[in-house]
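Novice: Have a look at this prediction, sequence included:
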Amino acid sequence: MAYNKLVNKPVKHGMDMMRKTRQAVGLIAVVLVIGAAGCTTEAPELPTLHSPTPSLTTLEASAKSYYDCMTDAGIAMEMFPNYQGELAVVQVAESAYTEFAMMRFASGQCSGAQVSDLPSAAEQQINDFCSVPQTGLMIDGIDDSQTYSQCLAQSGYDWNAAQGRYMFSAADMQSQVDANNRWAACVRDNGFPTVQDSVMPTVLDGSQWPVIRLPSTITEDQLRQLLASCPDFDASTQEAAEQWRSVHGGVSTGGNDQPNVTIDTAAESTLSPEDQAHLDALMQVLNEAAIAYFDQQQEGH
């Protein structure tokens, strides 16, 4: 088991549920499979699903059926290509809401978009909606969960599968390896000679993202002293990376120069409450600089 620091992975924009000009909120790092368990598949108020075009892929056919079901029920939707170019990503259209649209996953996590400066009543509606651990959809305070769940069940649409498989470039991965290993060299020179370099992954889908592992035996004081000599986050580097992404369509192939660091607990099968508290404290120290930066950025907006 390993505890990951805030990872500065390259971001390919345009694949979020609400990817238009309004403010995205509650976005989760890994898109979860949207389940339809517990929802009836009988929907007398919904139109019959359209027959998919034979030339469509399975993902595209499912997406088209889901899109048709939702639009026929009066909810404006949009379709976009996935990472493989299949027209398989379906989202609520920006024209469908004036305040917010939120999708809720079975875990209770939410993903969606909102306009800026929502009234407190709308904020409370979002909070209440997202606290329920089941699949759902709310648009401008109207709960469309029944329609949403029924269309999912009837079409077999799977949000996670619909995205396809995004492959990072070898340049992205090599940039992360290089940043990690520069940092690891500094760490070895500052009292932790057993810390190993990261290696280039064999697959480029992000599942083997390069990482540097610090021993879980490190103390908070030792970690703070180490970070004073070998910073794990640099604001100017982050700003440069964000500028690159803004110029190059959201993909940071121009460099990924922040190290990706974790506290390694691979040797631990179970953690005592004391060990858990220790690891949480270490992660807080590792993330302090990044959290401060992003909090400041948020306040500036």
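Specialist: That came through fine.
Novice: so where's the stretch 51-200 of the chain shaky on pLDDT?
Specialist: Within the stretch 51-200 of the chain, the segments meeting pLDDT under 70 span 51-55, 107-108.
Novice: Run through who's touching stretch 192-203.
Specialist: For stretch 192-203, contacts defined as CB atoms under 8 Å, 6 or more residues apart in numbering pick out 173-174, 176-177, 180-181, 184, 187-188, 207-215, 218, 226, 260. For glycine as for every other residue, the C-beta is placed from the backbone atoms N, C-alpha and C.
Novice: Send me that stretch as CSV with only the CA atoms.
Specialist: The C-alpha coordinates for stretch 192-203 follow below in CSV (Å, rounded to 0.1, in the frame of the first residue of the first chain):
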residue,chain,number,x,y,z
PHE,A,192,18.2,8.9,2.7
PRO,A,193,20.6,6.9,0.5
THR,A,194,18.2,3.9,0.0
VAL,A,195,15.6,5.9,-1.9
GLN,A,196,15.4,4.5,-5.4
ASP,A,197,14.8,6.2,-8.8
SER,A,198,11.6,5.7,-10.5
VAL,A,199,11.5,3.9,-13.9
MET,A,200,9.8,4.4,-17.2
PRO,A,201,6.5,2.5,-17.2
THR,A,202,5.8,-0.3,-19.6
VAL,A,203,2.3,1.0,-20.3
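Novice: what comes up buried for that stretch?
Specialist: Buried residues in stretch 192-203, defined by neighbour count with 16 or more other CB atoms under 10 Å: 192, 195, 198, 201.
Novice: ok, the residues you listed vs residue 298, which is closest?
Specialist: Taking CB to CB as the measure, residue 298 sits nearest to residue 198 out of these, at 29.7 Å.
Novice: quick one: the closest one and residue 289, what's the gap?
Specialist: From residue 198 across to residue 289, the span is 20 Å (CB to CB, to the nearest Å).
Novice: same deal with residue 76?
Specialist: Going from residue 76 to residue 289 by CB to CB gives 42 Å.
Novice: Those two - which one has more neighbours?
Specialist: residue 289 (18 against 14; other CB atoms under 10 Å).
Novice: Chain neighbours aside, what residue packs nearest to the more buried one?
Specialist: Spatial nearest neighbour of residue 289, chain neighbours left out: residue 233 (4.0 Å); criterion: CB to CB, 6 or more residues apart in numbering.
Novice: OK, contacts around the one you found?
Specialist: Contacts of residue 233 by CB under 8 Å, 6+ apart are 258, 289-290, 293.
Novice: where exactly do the strands run in the stretch 1-150 of the chain?
Specialist: 2-4, 23-25, 77-81, 87-92, 100-104, 110-114, 136-139, 142-143 (DSSP state E, counting those that start in this stretch).
Novice: Of those strands, which is nearest residue 274?
Specialist: strand 2-4 (15.4 Å).
Novice: doesn't residue 259 make contact with residue 286?
Specialist: No: Residue 286 is not in contact with residue 259 according to CB atoms under 8 Å; the separation is 10.2 Å.
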